[in-house]
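Visitor: Return atomic coordinates for the entry below.
(2 chains)
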2 protein chains.
Amino acid sequence: MADTAPTDSSSSEVVENGVPTALLLAGSPSPGFPVLVEGVPINGPLLDARAGEKFLLDVFPIIFQEAVVKGTDVNEKVCEWRHPAELRALLDVELGECGEPHRQLLQRCRDVIAYSVKTVHPRFYNQLFAGLDYHSLAARWITEALNASVYTYEVAPVGVLLEEEVLRTLRKMIGWTSGDGIFCPGGSVSNMCAMNVARYRLCPRVKTAGLSALPRLVLFTSGEAHYSIQKAAAFLGIGTDNVRSVAVDDRGKMIPSDLERKVEEAKAEGAVPFMVVLTAGTTVLGAFDPIVAVADMCERWGLWLHVDASWGGSALLSHRHRHLLDGIHRVDSVAWNPHKMLMSGLQCCALLLRDDTGLLRSCHSASASYLFQTDKCYDSAHDPGDKSVQCGRRDDALKLWLTWKACGRHGLEARVDRAFACARYLADEIKHKEGFELLMEPEGTNVCFWFIPPSMRGQPRGQLFWQKLDKVAPAIKTRMMLAGSMMVGYQPHGDRVNFFRMILISPSVRREDLDFCLSEIERLGCDL
Amino acid sequence: MADTAPTDSSSSEVVENGVPTALLLAGSPSPGFPVLVEGVPINGPLLDARAGEKFLLDVFPIIFQEAVVKGTDVNEKVCEWRHPAELRALLDVELGECGEPHRQLLQRCRDVIAYSVKTVHPRFYNQLFAGLDYHSLAARWITEALNASVYTYEVAPVGVLLEEEVLRTLRKMIGWTSGDGIFCPGGSVSNMCAMNVARYRLCPRVKTAGLSALPRLVLFTSGEAHYSIQKAAAFLGIGTDNVRSVAVDDRGKMIPSDLERKVEEAKAEGAVPFMVVLTAGTTVLGAFDPIVAVADMCERWGLWLHVDASWGGSALLSHRHRHLLDGIHRVDSVAWNPHKMLMSGLQCCALLLRDDTGLLRSCHSASASYLFQTDKCYDSAHDPGDKSVQCGRRDDALKLWLTWKACGRHGLEARVDRAFACARYLADEIKHKEGFELLMEPEGTNVCFWFIPPSMRGQPRGQLFWQKLDKVAPAIKTRMMLAGSMMVGYQPHGDRVNFFRMILISPSVRREDLDFCLSEIERLGCDL
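Guide: Residues are numbered from 1 along each chain as shown, chains lettered A, B, ... in the order given. I've put the predicted structure just below:
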């Protein structure tokens, strides 16, 4: 794209062959003869660092003002909705041959922020993450500036030590004084890795020989488990048919007696059970599976017990709520995402193991000699890379470490308690408000409810009623997006038609915001 | 930790029960009666946003000055080496019950930066990433402030559209006008996903039934391929024994006739070949496998052909060097990491597919109804999440998009050409410098060489010589880390004893830096 807008005449605007190419230095800026190799001058840098630094200095106030200050301002919109085709044009997304000038690039940054959803806004309740932790954000900016890969102590000494410490601290919350762990790019990957380790413990030969040398393996989880369990079974070659669905009660919690039945069924078929996956904080209903009862069974059967606590794990920080995960110290592995309730920023996902015999490393290692040299000047046990299925790996620990230093466990506990209190308040309001109907008492901080428009109130609850109600939440959601006033998710679930699911996380959410949400849903849906 | 240091008396220093808890607001700051739920006041935010914003304003100059300006300053050290135990103490890593005050937290940020390796430094040549792209960094700071997960258009409209565009543009560089793709958290995961799609194309039933229902699958790659191919085979349940190692020539390039032999051998065993993985830019030697010859074979055999171009893919941007990947438009999938040569920051890893029938989505999908609703107010084909094995997924596209807008393809091409020219210069210097020995002419921008200390020069090259030389690079590396003057990796390779591998990437590297590297190695190793 040619530059037609007026531009700063800063040093970043070098025009080469008629091409404005930001930060590119032409020719040889350093003294002495130019050194040409293959026609390319190599004495002097190609990049204009001063112009680059100027860009960072100029963009920072934009980020701070537009994304942070305005992004968290309850008087601003949560989103500025545009349909895909319109937004493509507004953003001028296409990439071309030539660079653009400084001022135009700053405008692009403004546009990107303007049309992005403000997930940090106190009225964003759409996902299992929300809100802004300022210390985490500071740490993330540092992480980006440092750009280290946490595979070896050599290249990421700070990142490696902080990861060790954060994992140790999270394990301590579980009740383990030893163990192992690794940060993963998402709870889904944590679950996959847990499944791989469970399989490896059963039969280490699977790593070399593959599944074709083994009998059919099966695992057990409830239908309320996160979909990543299905994805993991498919990805790991186990197959989704070999994920047996255990029944849940009307709160969405696994029924241990059904697990027993399903395990026996599988054995009777000649399949080999190797793992049970429980969920602490299910995605939709926020249910916590009964760990103690299932741990008893798994110990008896010798099955690996994994808890997907990606969402609910942070309740462990609260004296008041950690009972929801009673028995968690008895399981074999836990997935826990501090980027959800602890607002660490995407992504901060710990896979934690009780094992301290090095199972994680021996399961995942490939011992690449170019990276994990054994003749280094430090103990290579500090190199975590071979525990991971990744090679290059972002530092996801610093952000939680700094937040923890800032708040202490006490401060984090206060946040967790606050989120639960908000969920309690909202559920109670819903129970007493005409036209709102709670699906069930919340166990965690998911509040699930229907809004019944005035035209449907008091109507008989036959098939027609539910068919009509199924369309209410999507219709309100569309209007909500257009208004940009808030964001709440909806979904059908089993035989329940579409309902809203409000997720409470951020300590910036006030009672007023919760009251607003209910009024806003009423306002948007009163004529449906 | 109790706060004993003198502190600012900013509003962030709230002391609650004798506990300094940064940013935590006690009680009810908003007017009116406090609303207590489970003893927790919920009217008014719990977080002090003004204090949080002040932290961001105070930390930015530290990041800018210490990580960016000093981090890229050639007169500063690349690393400030400390042994793990010493660094743990210096950083005071332990996490506790109570929070810390503003000023102490800022000092922690300074410490984290001070002891981190400066991967952005012009004398960091240790990994397949290096240098600083200022626009990318700006974009990454925006990404962190926005904190969106790119699974749905609803929650990440900008991120989704930019990802579509960046993937389209990368495919165009390959020579594809249609196709598919997704960003992955690392080239290793890209390779895994490619392997999963290849397996799924052969037999879609594997997703549900698993591998126990299939004959033994085998794939083929060279011994020079990245270790993630082994990890992928283990993780996907294929087994590392079923990764057949194809012979390479003395440059590290796959020998197609040996591939033919290995495929026939596997078939004769009754195994089922399903995939060939080539490498464009091997990790150690920087070799490019011959794509055209292998594409001919794979077309004949009906095998999926994947190219791991994580490292070498960026040569596609250069008219001068893209011949290294001749034939790439004929393959089925490509892994390409712009975070390496294009300096997009960890991580920016595209998996690109030629297929445009939706194979990627059907292979990886789980169709979670709470996330991928089909009754949304926009075309849900824009929701990329179900193509991925992740659920939550960072926005890794914005950073490359902004860099591309800033530089254009021309600017990126100039950087690639510059890196190759630097490699050429360094290799030529090594050839003419006493005591330095090039392993081979570089094909990419990896320059591999031995340094032979004065005491060993002219010695007969028997077993003793090589045993002694094997210890030279590690010894120099240790001194290099202690000096902090530069960072270069080393490794043994096949029957070659430890040698240095310099990786050229950053356009901030000048001829003087390359000359310095050789002198510095000489200085550090002259007495060995």
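Visitor: With chain B in mind, check whether stretch A:102-120 reaches it.
Guide: Yes - using Cβ under 8 Å from any Cβ of the partner chain, stretch A:102-120 reaches chain B at A:105, A:108, A:109, A:112, A:113, A:115, A:116, A:117, A:118, A:119, A:120. In short, each C-beta sits where N, CA and C put it, glycine included.
Visitor: If you rank those by neighbours, which is first?
Guide: residue A:117 (30 neighbours; other Cβ atoms under 10 Å in any protein chain shown).
Visitor: in what helix or strand does it lie?
Guide: Counting by DSSP states H and E, no helix or strand carries residue A:117.
Visitor: The residue nearest to it when sequence neighbours are not counted and residue A:130: what is the separation?
Guide: Leaving out its chain neighbours, the residue that sits closest to residue A:117 by Cβ to Cβ, 6 or more residues apart in numbering or on different chains is residue A:79, at 4.5 Å. According to Cβ to Cβ, to the nearest Å, residue A:79 and residue A:130 sit 13 Å apart.
Visitor: And the helices in the stretch 351-500 of chain A?
Guide: A:359-364, A:398-432, A:463-470, A:472-483 (DSSP state H, counting those that start in this stretch).
Visitor: one step back: which among the residues of stretch A:102-120 next to chain B gets closest to residue A:431?
Guide: Distance to residue A:431 across these (Cβ to Cβ) is lowest for residue A:119, with 28.5 Å.
Visitor: thought the closest one was touching residue B:144?
Guide: No - here residue A:119 does not reach residue B:144: they are 11.4 Å apart, not a contact under Cβ atoms under 8 Å.
Visitor: tell me the secondary structure for the residue nearest to residue A:117?
Guide: Under DSSP: H, G, I helix; E, B strand; the rest coil, the three-state class of residue A:79 is coil.
Visitor: what's the burial count for it?
Guide: 24.
Visitor: that older thread, can you say which of the helices of the stretch 351-500 of chain A is nearest to residue B:461?
Guide: Across the helices of the stretch 351-500 of chain A, residue B:461 has its closest neighbour in helix A:359-364 (37.2 Å, Cβ to Cβ).
Visitor: Going by neighbour count, which residues of the closest one are buried?
Guide: By 16 or more other Cβ atoms under 10 Å in any protein chain shown, the buried positions in helix A:359-364 come out as A:359, A:360, A:361, A:363, A:364.
Visitor: Could you do stretch A:490-510 as well?
Guide: A:490-493, A:496-510.
Visitor: before we move on, what about stretch A:59-72?
Guide: In stretch A:59-72, counting by 16+ other Cβ under 10 Å, buried: A:59, A:60, A:62, A:63, A:64, A:66, A:67, A:68, A:70, A:71, A:72.
Visitor: Please verify my assumption that the last one contacts residue A:122.
Guide: Yes - contact criterion Cβ under 8 Å: residue A:72 and residue A:122 qualify, at 6.8 Å.
Visitor: Quickly list what's touching both of those two.
Guide: Residues touching both residue A:72 and residue A:122 (Cβ atoms under 8 Å, 6 or more residues apart in numbering or on different chains) are residue A:508.
Visitor: What segments of the stretch 201-350 of chain A are helices?
Guide: Under DSSP H, counting those that start in this stretch, the stretch 201-350 of chain A gives helices at A:206-209, A:228-235, A:256-269, A:291-301.
Visitor: Need the residues that contact the last one.
Guide: Judged by Cβ under 8 Å, 6+ apart, the contacts made with helix A:291-301 from elsewhere in the structure are A:254, A:256, A:259-260, A:263, A:273, A:276, A:278, A:280, A:303-305, A:307, A:325-328, A:330-331.
Visitor: Which PyMOL command selects the buried ones in the residues you listed?
Guide: Restricted to buried positions by 16+ other Cβ under 10 Å, the PyMOL selection for the contacts of helix A:291-301 reads:
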select buried, chain A and resi 254+256+259+260+263+273+276+278+280+303+304+305+307+325+327+328+330+331
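Visitor: which of the contacts of helix A:291-301 are close to chain B?
Guide: Okay, of those, nothing touches chain B (Cβ under 8 Å from any Cβ).
Visitor: Now intersect the contacts of helix A:291-301 with the strands, please.
Guide: Taking DSSP state E as the definition of strands, the contacts of helix A:291-301 contribute A:273, A:276, A:278, A:304, A:305, A:307.
Visitor: which residues sit in contact with the third one?
Guide: By Cβ under 8 Å, 6+ apart, the residues touching residue A:278 are A:221, A:222, A:254, A:289, A:290, A:291, A:294, A:305, A:306, A:307, A:308, A:331.
Visitor: again with the fourth one
Guide: Residues in contact with residue A:304, defined by Cβ under 8 Å, 6+ apart, are A:194, A:197, A:198, A:201, A:202, A:274, A:275, A:276, A:298, A:332, A:333.
Visitor: Please convert these to JSON lines, extending it with pLDDT and distance to residue A:208.
Guide: What follows is those, written out as JSON lines (pLDDT from 0 to 100; distance: Cβ to Cβ, whole Å):
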{"residue": "A:194", "pLDDT": "98", "distance to residue A:208": "21"}
{"residue": "A:197", "pLDDT": "98", "distance to residue A:208": "16"}
{"residue": "A:198", "pLDDT": "98", "distance to residue A:208": "17"}
{"residue": "A:201", "pLDDT": "97", "distance to residue A:208": "15"}
{"residue": "A:202", "pLDDT": "97", "distance to residue A:208": "15"}
{"residue": "A:274", "pLDDT": "98", "distance to residue A:208": "18"}
{"residue": "A:275", "pLDDT": "98", "distance to residue A:208": "20"}
{"residue": "A:276", "pLDDT": "98", "distance to residue A:208": "26"}
{"residue": "A:298", "pLDDT": "98", "distance to residue A:208": "27"}
{"residue": "A:332", "pLDDT": "98", "distance to residue A:208": "23"}
{"residue": "A:333", "pLDDT": "98", "distance to residue A:208": "22"}
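Visitor: Among the residues you listed, which one sits closest to chain B?
Guide: residue A:197 (10.7 Å; Cβ to the nearest Cβ).
Visitor: which SSE is the closest one in?
Guide: Using DSSP H and E, residue A:197 falls in helix A:187-202.
Visitor: That helix to helix A:228-235, inter-axis angle?
Guide: With axes from the mean of the first three to the mean of the last three Cα atoms, to 10 degrees defining the directions, helix A:187-202 sits at 60 degrees from helix A:228-235.
Visitor: Would you mind naming what in the stretch 401-528 of chain A lies close to chain B?
Guide: Checking the stretch 401-528 of chain A against chain B by Cβ under 8 Å from any Cβ, the hits are A:401-402, A:404-411, A:414-415, A:417-418, A:420-422, A:424-425, A:471, A:474, A:477-478, A:481, A:487, A:489-493, A:498, A:501, A:506-512, A:514.
Visitor: Can you say which of the residues you listed are buried?
Guide: Taking 16+ other Cβ under 10 Å as the criterion, what is buried in these is A:401-402, A:404-411, A:414-415, A:417-418, A:420-422, A:424-425, A:474, A:477-478, A:481, A:487, A:489-493, A:498, A:501, A:506-512, A:514.
Visitor: confidence score at the closest residue to residue A:457 other than its chain neighbours?
Guide: Spatial nearest neighbour of residue A:457, chain neighbours left out: residue A:435 (6.1 Å); criterion: Cβ to Cβ, 6+ apart. Note on residue A:435: pLDDT of 97.
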